[in-house]
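Enquirer: Sharing a model prediction with you, sequence too.
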Amino acid sequence: MRKSIILTGAMLALTASFASAAGINLAWDDCGLNGTMNKTDACNTNTGAPNMLVASFVPPSNVVEFLGLSAQIDITSESPALPDWWKHGTGQCRSTNGLSTGFDFTSGPFSCVDFYVGSAAGGFAYDVGYGSPNRARLRIQCAVPFENRGPVSDVDEHYAFRVNLQRAKTTGTGNCNGCSEVSYIVLNSIQLFQPPEQNNDPDIFNPGGGSICATWQATPGTNCPLSTPTKSASWGQVKSLYR
């Protein structure tokens, strides 16, 4: 009987560890397995709905006062230099209007849990040539009002943010070359933030049942080259969003 009780307890502990395994996912159009890994585009129009990347996370246990997050994404091209189509920012080919981030999922998609319910605000920075000529790094932060903080379930997948790739300057006069080139988008990490007194701002790196990699114009099933995230952030770097 004692042996049976010990074995049953061990099985329950193992089951619990699987149920609460933290992880992150990146996919096109929706969260995790509800989205797709590869996106192909004809690159023949400058108008229409943007291509949308969706990041999501399954938190570890004990995130009881979730306030916001910080994330890192690397974009790497197969060509020796990053194509102009992936160059976003002031003075770059795609300027400041070719890429945007969003945190409002109230109008869908609805496959994962939306903790923000429209209350999150945030921003991003995009660094062309980060680490090598064929790479860019996208850093994203967001937060909810302090009074909206709360627990996030460690058995649910939650929306983190969306990245919208606009179609402007894809074709025709003044276009930015490279839309048709194969590129790899890797979600390096998502760090979750709580008030300082919780002393628990977990950094999540491993896939959460889906993939941390999304591909652009690649052969389906192509593996991504993985990237190296920089050091963890701090709540002090994110709380400036309240100002």
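Expert: Alright, I've got the coordinates.
Enquirer: Gly131 and Thr222: what is the separation?
Expert: 21 Å (Cβ to Cβ, to the nearest Å). All C-beta atoms are positioned from the backbone trio N, CA, C, and that covers glycine.
Enquirer: And Asn177, by the same measure?
Expert: Relative to Thr222, Asn177 is positioned 22 Å away (Cβ to Cβ).
Enquirer: what's the answer for Ile73, then?
Expert: Going from Ile73 to Thr222 by Cβ to Cβ gives 18 Å.
Enquirer: ok, now Glu147?
Expert: In this view, Glu147 and Thr222 are 45 Å apart by Cβ to Cβ.
Enquirer: same thing with Val64?
Expert: Taken as Cβ to Cβ, the span from Val64 to Thr222 is 39 Å.
Enquirer: Could you do Asn97 as well?
Expert: Counting by Cβ to Cβ - Asn97 and Thr222 are separated by 29 Å.
Enquirer: Please say which of the two ends up with more neighbours.
Expert: Thr222 (14 against 10; other Cβ atoms under 10 Å).
Enquirer: which residues does Trp86 contact?
Expert: If you count contacts by Cβ atoms under 8 Å, 6 or more residues apart in numbering, Trp86 has them with Ile75, Ser77, Arg94, Val128, Ala136, Gly178, Ser183.
Enquirer: In this structure Tyr184 contacts Gln217, no?
Expert: No: in this structure, Tyr184 is not within contact of Gln217 by Cβ atoms under 8 Å, at 10.2 Å.
Enquirer: Neighbour count for the two, which is higher?
Expert: Set Tyr184 next to Gln217 and count neighbours by other Cβ under 10 Å: Tyr184 wins out with 21 against 17.
Enquirer: What count of nearby residues applies to the closest residue to Gly23 other than its chain neighbours?
Expert: Nearest non-adjacent residue to Gly23, counting by Cβ to Cβ, 6 or more residues apart in numbering: Gly208, 2.5 Å away. Gly208: 23 surrounding residues under other Cβ under 10 Å.
Enquirer: what's the distance between Gly208 and Thr171?
Expert: Applying Cβ to Cβ, the value for Gly208 to Thr171 is 36 Å.
Enquirer: Pull the contacting residues for Asp30.
Expert: By Cβ under 8 Å, 6+ apart, the contact set of Asp30 is Val54, Pro109, Ser111, Cys112.
Enquirer: err, Pro60, not the other one
Expert: Counted by Cβ under 8 Å, 6+ apart, Pro60 has contacts Ser20, Ala22, Asp154, Pro202, Ile204.
Enquirer: Are any of those residues buried, and if so which?
Expert: Neighbour-count burial within the contacts of Pro60 applies to Ala22, Asp154, Pro202, Ile204; the criterion is 16 or more other Cβ atoms under 10 Å.
Enquirer: what's the farthest-apart pair in these?
Expert: Spanning the widest gap among those are Asp154 and Ile204, at 11.3 Å by Cβ to Cβ.
Enquirer: Cheers, nothing more for now.
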